[in-house]
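Undergrad: Need a 3D model of the following:
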Amino acid sequence: MPNIVEKMTINYSPNFDLKRRKKSKIKYLIFHYTGMRRDKFAIERLTDINSKVSCHYYIDQKGRIIQMVPDLYVAWHAGKSFWKNDKKLNKSSIGIEISNPGHDYKYKKFSKKQIESLIKLSKKLIKDYSIKNKNILGHSDVAPLRKKDPGEYFPWHFLYKKNIGVWHKYKKNKEDQFKIIKSKILEKNFFSNLKKFGYSILFENYSEKKKLIKVFQMRFRPERVSGILDLETFNISKTLK
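TA: Residues are numbered from 1 along each chain as shown. A predicted model of the protein is given here:
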């Protein structure tokens with residue numbers, strides 16, 4: 001059986017830093033969706049020198065993997081980003097784009113073939129660069145006020161069961177979804193929990209605060225993304241480390 005590397009095709013993007021980085025610098029794995037209607041459009045953009053965006057790997061609608069930037073070069077996929085004490089995560093991450101029209105163009109579930117390819121590729125990268133599960137993130141995790149991808153249809157819990165990424169340990173109680181938290185102390189504790197986990201909580205107004213809650217729910221409570229802090233969302237945040 002051919003391995004993941006033998007099955008991969010190459011379509012290099014000109015959008016990367018010319019200086020090679022050390023293998024030890026690679027710390028994060030960041031998942032994205034393309035947010036474009038077709039593979040053709042997404043690939044054209046990722047290989048257009050004027051777009052100034054790229055990724056290391058692209059998974060198309062049929063689950064085929066294309067390498068666009070070699071691992072030891074910095075691709076331009078995360079932009080202005082933060083996680084824990086790290087900023088500008090391009091320099092320390094590998095970015096994987098998965099073909100999906102996204103929220104602007106009839107967002108849909110990722111296909112079985114796409115997820116199968118993602119699992120194989122992720123396991124290889126995790127092994128090659130000793131990437132910790134807590135450092136496997138979505139674009140929205142590292143840029144919550146700007147990005148929604150990979151979104152609520154991304155199967156984080158399924159990946160966790162394959163030993164990719166992390167998941168919460170809260171035993172769900174549907175009634176808690178409808179108990180709105182109004183306490184300023186509990187709200188402050190919630191955002192403190194998010195900060196300890198790794199999120200940037202530098203929101204400036206209610207709209208930005210709601211975006212951050214939505215991003216968290218997309219990742220850890222995808223069946224109900226409300227942007228409202230309820231008891232279940234709060235309890236989930238307490239179990240993350």
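Undergrad: Ends of stretch 82-89, what's the gap?
TA: Using C-alpha to C-alpha, to the nearest Å, the end-to-end distance of stretch 82-89 comes to 7 Å.
Undergrad: for the chain, what spans make up the strands?
TA: 9-10, 28-33, 57-59, 65-67, 82-83, 86-87, 93-98, 136-138 (DSSP state E).
Undergrad: Turn these into CSV, including mean neighbour count, mean pLDDT and distance to K174.
TA: In this view, the C-beta of every residue, glycine as well, is placed from N, C-alpha and C. CSV is the format used below for those (neighbours: other C-beta atoms under 10 Å; pLDDT from 0 to 100; distance: least, C-beta to C-beta, whole Å):
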stretch, mean neighbour count, mean pLDDT, distance to K174
strand 9-10, 9, 96, 45
strand 28-33, 25, 98, 28
strand 57-59, 26, 98, 33
strand 65-67, 19, 98, 38
strand 82-83, 21, 98, 31
strand 86-87, 14, 96, 36
strand 93-98, 26, 98, 30
strand 136-138, 22, 98, 25
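Undergrad: Redo the ones you listed as a markdown table? Include distance to V215.
TA: Converted to a markdown table, these look like this (distance: least, C-beta to C-beta, whole Å):
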| stretch | distance to V215 |
| --- | --- |
| strand 9-10 | 32 |
| strand 28-33 | 13 |
| strand 57-59 | 22 |
| strand 65-67 | 27 |
| strand 82-83 | 13 |
| strand 86-87 | 18 |
| strand 93-98 | 17 |
| strand 136-138 | 8 |
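Undergrad: Mind checking which residue lies nearest the centre of the protein?
TA: G138 (1.0 Å; C-alpha atoms, centre = their mean).
Undergrad: Please give me every residue in contact with that one.
TA: Applying C-beta atoms under 8 Å, 6 or more residues apart in numbering to G138 gives the contacts 30-32, 149-150, 154, 156, 218-219.
Undergrad: Repeat that for F82.
TA: 89, 142-143, 200.
Undergrad: same thing but 6 Å
TA: S200 (C-beta atoms under 6 Å, 6 or more residues apart in numbering).
Undergrad: Pairing partners for it in the sheet, please.
TA: K87 (DSSP bridges).
Undergrad: quick one on the thing from earlier: report the beta-bridge partner residues of the residue nearest to the centre of the chain.
TA: Under the criterion used (DSSP bridges), G138 bridges to F31.
Undergrad: low pLDDT regions in the chain?
TA: 1-2, 5-6 (pLDDT under 70).
Undergrad: Which stretches in it count as helices?
TA: Here the chain has its helices, by DSSP state H, at 4-7, 39-46, 112-129, 139-142, 156-161, 184-197, 206-220, 231-239.
Undergrad: if I look at I236, how far off is K174?
TA: Separation of I236 from K174 (C-beta to C-beta, to the nearest Å): 13 Å.
Undergrad: hmm, I was thinking of A75
TA: Counting by C-beta to C-beta, the gap from A75 to K174 is 41 Å.
Undergrad: Buried deepest among the helices of the chain, which one?
TA: Ranked by mean neighbour count, the helices of the chain are led by helix 139-142 with a mean of 26 (mean count of other C-beta atoms under 10 Å).
Undergrad: Check what contacts it and list those residues.
TA: 32, 78, 81, 83, 89, 147-149, 215.
Undergrad: mind running it again at 10 Å?
TA: The contact list for helix 139-142 (C-beta atoms under 10 Å, 6 or more residues apart in numbering) reads 28, 30-33, 35, 77-83, 86-89, 93, 95, 97, 146-152, 154, 197-200, 211-212, 214-216, 218-219.
Undergrad: next one: stretch 172-186
TA: Outside stretch 172-186, the residues that reach it (C-beta under 10 Å, 6+ apart) are 170, 187, 189-190, 217, 221, 223-224, 226, 228-236.
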